[in-house]
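Colleague: heads up, no residue letters with this:
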Ligand code: DX5
Ligand code: ZN
């Protein structure tokens, strides 16, 4: 029987290398891809928009050649910019091999322009929303987006606890995506573990960032499998 229902977008696990061992970052990227990571989440912090400093485009460029699976298919580099201003660094990351670039709308004076800058560089574009940030800007730009990123912690640090009010925001974002009729991924970032991923998916998310939950474990395959087991339950 032919179904008229379009296939559900597969769930994506995007390990955040913010929690990786930086003394052996290349091997960590290779290992986590071998363990089943579908994207690599790359957290960029500027000690201005957020109170922490991480890594820049040179590190992105260095890991780019490693971002492929055993079949040599590319693994997308999912850059999450926690920086202000946005445009110049977004351009640098596009040149450094980013596939998706997300930024926080409150960090850009001209959100529509920043979206166009990222698209013009050949990258997919996402908007990221802090826990207390409303989604209302989506009224004006949702049709331009490839991804919406709901922060379930305050940005700046790995290893924080999931903030429950994110569930309501994920639900609202899913409703907005459905109303738009566009194929937009709904990513959630912060405090995601195998024991809460099912509830986050049930709220409407399809893409899950996990840093400490993966890199804090000895066996990356086991924890990524634990996520998928929960998601397929
Ligand atoms: C926070 C970052 C997150 C963070 C996730 O600012 O955007 O990607 O590293 O880490 P965990 O999964 O440990 O909460
Ligand atoms: Zn992130």
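Modeller: Everything's here; your move. Because the structure is predicted, anything quoted here is derived from the model rather than measured. Ligands and ions are numbered 1, 2, ... in the order given.

Colleague: Strands along the protein, start to end?
Modeller: 12-15, 40-45, 77-82, 100-103, 124-129, 147-151, 185-189, 207-210 (DSSP state E).

Colleague: name the helices or strands packed onto the first one?
Modeller: Contact partners of strand 12-15 among helices and strands, from 3 or more CB pairs under 8 Å, 6 or more residues apart in numbering; DSSP states H and E: strand 40-45, strand 185-189, strand 207-210, helix 220-232. C-beta here means a position set from N, CA and C on the backbone, and glycine is covered the same way.

Colleague: before we move on, back to that, any idea which of the strands of the chain is most buried?
Modeller: Mean neighbours per residue, mean count of other CB atoms under 10 Å, is largest over the strands of the chain for strand 100-103, with a mean of 28.

Colleague: Give me the mean pLDDT for that one.
Modeller: Regarding strand 100-103, the rounded mean pLDDT is 99.

Colleague: With mean pLDDT as added columns, please give the helices and strands packed on strand 12-15 in JSON lines.
Modeller: As requested, those are arranged in JSON lines below (pLDDT from 0 to 100):
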{"stretch": "strand 40-45", "mean pLDDT": "98"}
{"stretch": "strand 185-189", "mean pLDDT": "98"}
{"stretch": "strand 207-210", "mean pLDDT": "98"}
{"stretch": "helix 220-232", "mean pLDDT": "97"}
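
Colleague: I'd like those as a markdown table, with distance to residue 70 appended.
Modeller: Formatted as a markdown table, the helices and strands packed on strand 12-15 follow (distance: least, CB to CB, whole Å):
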| stretch | distance to residue 70 |
| --- | --- |
| strand 40-45 | 15 |
| strand 185-189 | 24 |
| strand 207-210 | 21 |
| helix 220-232 | 13 |
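
Colleague: for the closest residue to ligand 2 within the chain, what are its contacts?
Modeller: Closest residue of the chain to ligand 2, CB to the ion: residue 80 (3.6 Å). Taking CB atoms under 8 Å, 6 or more residues apart in numbering, we find residue 80 in contact with 41, 42, 43, 44, 102, 128, 149, 189, 209.

Colleague: Dump the strands of the chain to TSV, plus distance to ligand 1.
Modeller: Putting those into TSV (distance: least, CB to the nearest ligand atom, whole Å) gives the following:
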stretch	distance to ligand 1
strand 12-15	9
strand 40-45	5
strand 77-82	5
strand 100-103	10
strand 124-129	8
strand 147-151	7
strand 185-189	5
strand 207-210	5
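
Colleague: Mind putting those strands into TSV with distance to residue 178?
Modeller: Formatted as TSV, the strands of the chain follow (distance: least, CB to CB, whole Å):
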stretch	distance to residue 178
strand 12-15	19
strand 40-45	25
strand 77-82	23
strand 100-103	20
strand 124-129	17
strand 147-151	12
strand 185-189	10
strand 207-210	16
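
Colleague: Can you give the distance of the longest helix anywhere in the chain from its chain's centre?
Modeller: In the chain, taking DSSP state H as the definition, the longest helix is helix 166-180. Centroid separation for helix 166-180 versus its chain: 16 Å, with CA atoms, centre = their mean, to the nearest Å.
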